[in-house]
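1. prediction below, plus the sequence it came from.
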Amino acid sequence: MKTLFNGKIMEKEEVKISFEDRGYHFGDGLYEAVRIYAGKMFMFTEHFERLVRGAAKIHLALPFTKEELLIMLEELITASEVGNGLVYFQISRGIVSPRQHLIPEKGSVEPVYLAYTLPFERPEAIQKNGQRATVIPDRRWLHCDIKSLSLMGNLLSLDEAVKKDYEDALLERDGVITEASASNAWFVIDGIIYTHPDGQLILPGITKQHLLHLAKENDLLVIEEAVKVSQLGDIDECFVTNSIYEIVPIVSIDNRLIGNGTPGPITEHLLKLYLESTVML
């Protein structure tokens, strides 16, 4: 497997990361996963802008410009010969010895970054049939807007859902649904699309951003407003979005069918619009 490591493309066996790296000790870093269609990254600029915002929030100096990272990732994709798939990128604050909790002064430590690609085809089966979800308390920290390497809260929520024989978790905080275990959550009630507004309680999704644009372009009414758990009995459709799985319908919540238990017409329409947009590169 070809890997980008600190600016150089090499085989993954050549990558050496110190145990004193703050990413290993503290999850002190950021990541992005960018979809690849026909050998090209989709919405790279938006992913990079989110990376920049996250870096500012954790006081991390990025060691590259947008143009420099773009060139490196494009070279990696070419070397990896990936047509459809994803490129995973992460950056940690770097090596600090001895281990210490105090965040070093910005720019005083050299960050460590890497990227690799994975072939991945569109998950047509789950997009067609949907998934079953359960509501689980959102026990994560209060900086969910930062795409941090530390994802233990998300992992535990998905693990709990799977152990209960569901495919995903819808996270509830203070009586409202924030998002899913690794996706933004959307609901349709009486023809109106609802999704949680951006802020510290959710990740500002790149697919969410794109879908809001597509909905506006196609005269679909979207309200960025949290849906209460008490409203789940009133919803007509539900779906989740992320860069890798695109749009996935949720056809039941805690064994209660959503609509007739199949993907709804607005969900299908949005998926069609989204898929069309990905071939216009």
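-> Everything's here; your move.
2. just the C-alpha atoms of the one helix or strand Ala115 maps to, please, in PDB.
-> Under the criterion of DSSP states H and E, Ala115 resides in strand 112-119. The C-alpha coordinates for strand 112-119 follow below in PDB (Å, rounded to 0.1, in the frame of the first residue of the first chain):
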ATOM      1  CA  VAL A 112       3.300  14.300  11.900                       C
ATOM      2  CA  TYR A 113       0.900  13.600   9.100                       C
ATOM      3  CA  LEU A 114       0.000  10.700   6.900                       C
ATOM      4  CA  ALA A 115      -2.500   9.600   4.300                       C
ATOM      5  CA  TYR A 116      -3.500   6.500   2.400                       C
ATOM      6  CA  THR A 117      -6.200   5.500   0.000                       C
ATOM      7  CA  LEU A 118      -8.800   2.700   0.100                       C
ATOM      8  CA  PRO A 119     -10.800   1.400  -2.900                       C
END
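3. mind giving me the domain ranges of this structure?
-> For the chain, automatic domain parsing gives the domain ranges 2-119, 124-278.
4. using TSV, lay out those domains together with mean pLDDT and mean neighbour count.
-> Every C-beta, even on glycine, is put in place using the N, C-alpha and C of the backbone. Shown next, in TSV, are these (pLDDT from 0 to 100; neighbours: other C-beta atoms under 10 Å):
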stretch	mean pLDDT	mean neighbour count
domain 2-119	97	17
domain 124-278	98	18
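5. name the nearest residue to Thr45, ignoring sequence neighbours.
-> Nearest residue to Thr45, sequence neighbours excluded (C-beta to C-beta, 6 or more residues apart in numbering): Lys66, at 7.3 Å.
6. where does that neighbour fall, phi/psi-wise?
-> phi -60, psi -50 (degrees, to the nearest 10).
7. surely it touches Glu46?
-> No - applying C-beta atoms under 8 Å, one finds Lys66 not in contact with Glu46, separated by 11.2 Å.
8. can you confirm Asp145 is in a strand?
-> No - the assignment for Asp145, made by DSSP: H, G, I helix; E, B strand; the rest coil, is coil rather than a strand.
9. in contact with it, which residues?
-> Lys57, Asp198, Gly199, Gln200, Leu201, Ile202, Leu203, Pro204 (C-beta atoms under 8 Å, 6 or more residues apart in numbering).
10. can you redo these as JSON lines with secondary structure and distance to Lys164?
-> Shown next, in JSON lines, are the contacts of Asp145 (DSSP: H, G, I helix; E, B strand; the rest coil; distance: C-beta to C-beta, whole Å):
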{"residue": "Lys57", "secondary structure": "helix", "distance to Lys164": "33"}
{"residue": "Asp198", "secondary structure": "coil", "distance to Lys164": "29"}
{"residue": "Gly199", "secondary structure": "strand", "distance to Lys164": "28"}
{"residue": "Gln200", "secondary structure": "coil", "distance to Lys164": "28"}
{"residue": "Leu201", "secondary structure": "coil", "distance to Lys164": "23"}
{"residue": "Ile202", "secondary structure": "strand", "distance to Lys164": "23"}
{"residue": "Leu203", "secondary structure": "coil", "distance to Lys164": "23"}
{"residue": "Pro204", "secondary structure": "coil", "distance to Lys164": "29"}
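11. now do the contacts for Pro98.
-> By C-beta under 8 Å, 6+ apart, the contact set of Pro98 is Glu20.
12. do you know how far it is from Ile17?
-> Pro98 sits 17 Å away from Ile17, going by C-beta to C-beta, to the nearest Å.
13. got it, and His25?
-> Taking C-beta to C-beta as the measure, His25 falls 12 Å from Ile17.
14. His269 now?
-> Distance of His269 to Ile17, given as C-beta to C-beta: 45 Å.
15. name the nearest of the contacts of Asp145 relative to Arg50.
-> Taking C-beta to C-beta as the measure, Arg50 lies nearest Pro204 of the contacts of Asp145, at 6.6 Å.
16. Glu167: what's it in contact with?
-> Ile126, Gln131, Arg132, Ala133, Ala161.
17. adding distance to Thr262 and secondary structure, write these out as a markdown table.
-> Below are the contacts of Glu167 laid out as a markdown table (distance: C-beta to C-beta, whole Å; DSSP: H, G, I helix; E, B strand; the rest coil):
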| residue | distance to Thr262 | secondary structure |
| --- | --- | --- |
| Ile126 | 13 | helix |
| Gln131 | 12 | strand |
| Arg132 | 12 | strand |
| Ala133 | 15 | strand |
| Ala161 | 21 | helix |
